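Trainee: 3D, please:
(chains A and B)
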Amino acid sequence: MKQTISVLVENHPGVLARISGLFSARGFNIDSLAVGETEDPTVSRMTIVVDGDERTLEQVKKQLNKLIDVITVQDLTKTKFIDRELILIKVGVQNSKDRAQIIEIAETMKANVADLGLHTITIEAVGETSHVENLIELLRQFGIKEIVRTGKIAMEVESKEKTKTTEEEEE
Amino acid sequence: MTTKMNGAKILVESLKKEGVGAVFGYPGGQALPLFDALYGSDLKFYLVRHEQAAAHAADGYARATGKPGVCIATSGPGATNLVTGIATAYMDSIPIVAITGQVKTFMIGNDAFQEADIIGITRPITKHNYLVKDVNDLARTVKEAFHIASTGRPGPVLIDLPSDVQLAETEFHYPHEIQIRGYKPTYCGHPGQIRRAAKMIAESKRPVIYAGGGVILSGAAKELREFAEKINSPLTMTLLGLGAFPADHELSLGMLGMHGTGYANHAVQNCDMLIAIGARFDDRVTGKIDEFAPHAKIIHIDIDPSAISKSVAVDLPIVGDVKCVLSELLKIVHRPHDKEWTDKIVEWKEKHPLNYKRDDKLRPQYVIEQICEATKGDAIIATDVGQHQMWTAQWYKFMRPRELLSSGGLGTMGYGFPAGMGAKVGRPDSQVFVISGDGSFQMNIQELSTAVVNNIQVKIAILNNSYLGMVRQWQEFFYGKRYSHTKLENPDFVKIAEAYGAAGIRIEKKEEVRPAIEKAMHTKNVVVMDFKVEGEENVYPMVPAGKRLDDMIGSMA
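Mentor: Residues are numbered from 1 along each chain as shown, chains lettered A, B, ... in the order given. Now for the predicted structure:
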C-alpha cells in the first residue's frame, strides 16, 4: 500500500539526512521523495511516497514527528489532494515513421517534445503518476533509452473529491 | 550592560545558567579554547581516562539525580569514543548533553587532522544534535539542547562546536524561553482515553501492571504505588523500572521477561488486562511476541507516540506523561478488590520462587543478597551487563527509584563503573556500589584512576567467575558447551586496585563475604572487591530467545 505524506521541515542543512537516515535505519521503503522550499523560506516541504502496511505507515508518521526538525506531518492519503510528477523520457528513433508516431503520442498525451535529435526524442510530461506511467507504456515499444522522474509532489486542495476513503482515527 | 565573550566562555556560562553541577570529559586539540574557559571556572570538572567513561558518568549522574548529565570531548577520536555512551543513553532515554570540539568551520569536510563527522555518526543515536557554525547561535543552542534532552521522552543531545566558533566573540544573552516549532511533547493524556481506561480497568478480573523506566523518568513512583494499591493489581517491572515500586510490597512481582521471575511471567501470560506504563515491549520482556499476554486487553501509557503499537498492538493507548496520566486516572478509577487473582499470584509465588543453591560455595547470588542486607537496600547500585546484572535485578531489593543504574536497551559492558562514579558525584551522600563482572569491569578499568584522584568513593564488587558468564551460559545451553572465547584469564584485581591507590579485597569463601562488604563500606577509599564466585553458575529462570514467557528453563538448583 502506497501512501503520500507531506512533511514540513526546517530548511537547515542536514535535515534531508535525518529523514533519509530514519527511513534506512528503521527499514522503511521510500518510493519517491521530493523536496523544495515553501512560501516561508525557513521551511521546506518534502513529499514522500512510502510503501508499507498500515502499521509501518503509522510508525513512519510517528517517527517523522519525533524528529525535532520536522514541523508537521500530514498524511495526504486521508485528505483531498492533487499530485503531480514531472518526467523526462528519452526514446530511440529508428526512422521517420517512429518519429511521427512518438510525436503523435506525445501530443495526444498532452506531453511536450523537449528535444528532437537524429537518434532520439526526449518527451517531457507532467501529471499524476498514473498518467506518466501510461505514457511510459505507450513509448516503450520504440525503445526507451533513459527515464528521469522528479518524484511526486502533492498538495491538499479545496474542491477535489477525496481520492481514497480511509476511516479517520479516533485520536 | 553586556560585554563580549568568546564561544568557549559562552558555553561555560550557559552550562552554569543550566545549573550544571558536574562535567565529565577529556581535553584535546580542537577543545583547547573550551578547556581554557573551564580553567579557573567554578564548574566542577572531572577528568576521566577515556571519553567513553565521560559519557557513561554523565548518564549515571542523570539517572541518579534526574538532572541532565554533561560530558565534553575533543573532535575526531574524542568524539567517537563518546559514541557508545551516547547510544547507551539513547536506548534508555537518559538526558545527557554531550559537547564535542570540532575542526574549524572552513576545514570541515576536508579530512582535517582529528576530524570526524560526529553529527552524521550520532544522528541515529541522539534525540537531536547541533553543529554550531555561528557563535551568535550558541547560547540558544545550549538552551535548546538542555530543553530537548530533559523533556518529553528524554534522551541525549550533542553539540558539535568548531574551534573557531569557540574563539569567535559576541555578546552573551542566555534566553529565558525558547520556541521550537517542531518540538511540542504531549504531557497530559487525552481525557476520553483516560475515562475509557478507567472503564476497562474496572471491568478487568485479572489485571497486571507492567511498569518501565518511564515511571522513574517521569518521577511517578508515588502515583504508581497509589494506582496499584487502589486497583489492587499485581505489578511487574522491567529492568529499568526496578525501584519504581518497592520490591517488598505484596503486589510486587519483581522483574518480568527473559530472566524475570516465574510468577511475573505466569501472571502476564494469564492476565486479562495488562497496563503498560512507561515501558516499550522490548524483546527481552515479551519473549515470543505474538504469544505475549495472549488473554489480555492492553492499555499503554507512554509519552512517546511512536512507542505505541510499535511491536505489540495495544487496545487503548494514552499518550502523555506517566505522572500526569496516572494522577488523572487515580481520580476516577475504581476496581472491586477480589481475592481470586491475588490468591493465584500467591500460589505462583510459592510454586515458582527465585532460587539458587544455598550451600557452602561462594555463589554470586549470595554476594548480591549480602550487599542488599549490608546496605539495608539503601544504596545506589550500578551494574554492568551480563549474568551479574540479571542476578542484581533478581536478588537486590530495590525499594526506591533512581537506585539501579543499568544499561538495559543497549546492554553496554563497561557502563557500570563510570556510571557509578557519575552517580556518586551527583549524590555524594549515598552509598554507591558497582556490581560488575570480571569481563565488564575490564572494559573501563582505567577509571580507577579518575575515582581515586577525585576521591569518588564507589565500592566495586566484581563477581569474578573467570568467564564471560552470560555468553558462556548461552554456549552451554545452545552451542553444546563449546566455550568459544568466553574463558577469561584475569589479572590480579587486588593488585590492580592497589596500584591505582584504591583498596583491594579478595573474597574466596562464603563466610568472608559479609565482613568484606562491611569493610568496604567503612573504608574511606575506592574499594575493589574481587569475589571469586562459582565459575559455571547460571541465571535462572530463563526464557530462551523467541519462546513464550511461560516457557521457562527453571532453576537446576
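
Trainee: please make it C-alpha for all contacts and neighbour counts, starting now.
Mentor: Will do.

Trainee: any buried residues in the helix or strand of chain B with the lowest mean pLDDT, and which?
Mentor: Between all helices and strands in chain B, the lowest mean by mean pLDDT, DSSP states H and E belongs to helix B:283-286, at a mean of 92. Using 16 or more other CA atoms under 10 Å in any protein chain shown as the test for burial, helix B:283-286 gives B:Arg284, B:Val285, B:Thr286.

Trainee: let me have those in JSON lines, extended by distance to B:Phe477.
Mentor: Shown next, in JSON lines, are the buried residues of helix B:283-286 (distance: CA to CA, whole Å):
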{"residue": "B:Arg284", "distance to B:Phe477": "17"}
{"residue": "B:Val285", "distance to B:Phe477": "20"}
{"residue": "B:Thr286", "distance to B:Phe477": "20"}
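
Trainee: dump the least confident helix or strand of chain B to PDB, keeping only the CA atoms.
Mentor: C-alpha atoms of helix B:283-286 as PDB (Å, rounded to 0.1, in the frame of the first residue of the first chain):
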ATOM      1  CA  ASP B 283      12.000  -8.300  23.000                       C
ATOM      2  CA  ARG B 284      13.800  -9.200  26.300                       C
ATOM      3  CA  VAL B 285      10.500  -8.500  28.000                       C
ATOM      4  CA  THR B 286       7.900 -10.100  25.700                       C
END
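
Trainee: contact partners of stretch B:311-329?
Mentor: Stretch B:311-329 has contacts (CA atoms under 8 Å, 6 or more residues apart in numbering or on different chains) with B:152, B:186-190, B:193-195, B:197-198, B:214-215, B:218-220, B:223-224, B:227, B:277-278, B:281, B:289-290, B:297-305, B:308.

Trainee: now that stretch: average pLDDT?
Mentor: Averaging pLDDT along stretch B:311-329 gives 95.

Trainee: got it, and stretch B:453-473?
Mentor: 98.

Trainee: measure that stretch end to end?
Mentor: Stretch B:453-473 has an end-to-end distance of 37 Å (CA to CA, to the nearest Å).

Trainee: before we move on, what about stretch B:378-390?
Mentor: 19 Å.

Trainee: just confirm B:Ile435 contacts B:Val385, I think it does.
Mentor: No: counting by CA atoms under 8 Å, B:Ile435 does not reach B:Val385; the two are 9.5 Å apart.

Trainee: which residues do these two both contact?
Mentor: Listed as contacting both B:Ile435 and B:Val385 by CA under 8 Å, 6+ apart are B:Gly416.

Trainee: of those two, who's got more company?
Mentor: Higher neighbour count among B:Ile435 and B:Val385: B:Ile435, with 29 against 24, using other CA atoms under 10 Å in any protein chain shown.

Trainee: and the more buried one, that's in a helix?
Mentor: No: using DSSP: H, G, I helix; E, B strand; the rest coil, the assignment for B:Ile435 is strand, not a helix.

Trainee: dump the residue contacts of it.
Mentor: Contacts of B:Ile435 by CA under 8 Å, 6+ apart are B:Ile381, B:Ala382, B:Thr383, B:Asp384, B:His388, B:Gln389, B:Thr392, B:Gly416, B:Ile460, B:Ala461, B:Ile462, B:Leu463.

Trainee: what's the spacing between it and chain A?
Mentor: 33 Å (CA to the nearest CA, to the nearest Å).

Trainee: off-centre distance for the least confident helix or strand of chain B?
Mentor: Centroid displacement of helix B:283-286 relative to its chain, using CA atoms, centre = their mean, to the nearest Å, is 17 Å.

Trainee: now check the helix or strand following that helix, is it near chain A?
Mentor: Under the assignment DSSP states H and E, the closest C-terminal helix or strand after helix B:283-286 is strand B:297-302. No: judged by CA under 8 Å from any CA of the partner chain, strand B:297-302 and chain A are separated, with a smallest distance of 13.2 Å.

Trainee: what's strand B:297-302 in contact with?
Mentor: Counting by CA under 8 Å, 6+ apart, B:197, B:214, B:272-279, B:308, B:314-322, B:325 sit against strand B:297-302.

Trainee: in ChimeraX, how would I select the buried members of those residues?
Mentor: Command for ChimeraX that selects the buried part of the contacts of strand B:297-302, burial taken from 16+ other CA under 10 Å:
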select /B:197,214,272,273,274,275,276,277,278,279,308,314,316,317,318,319,320,321,322,325
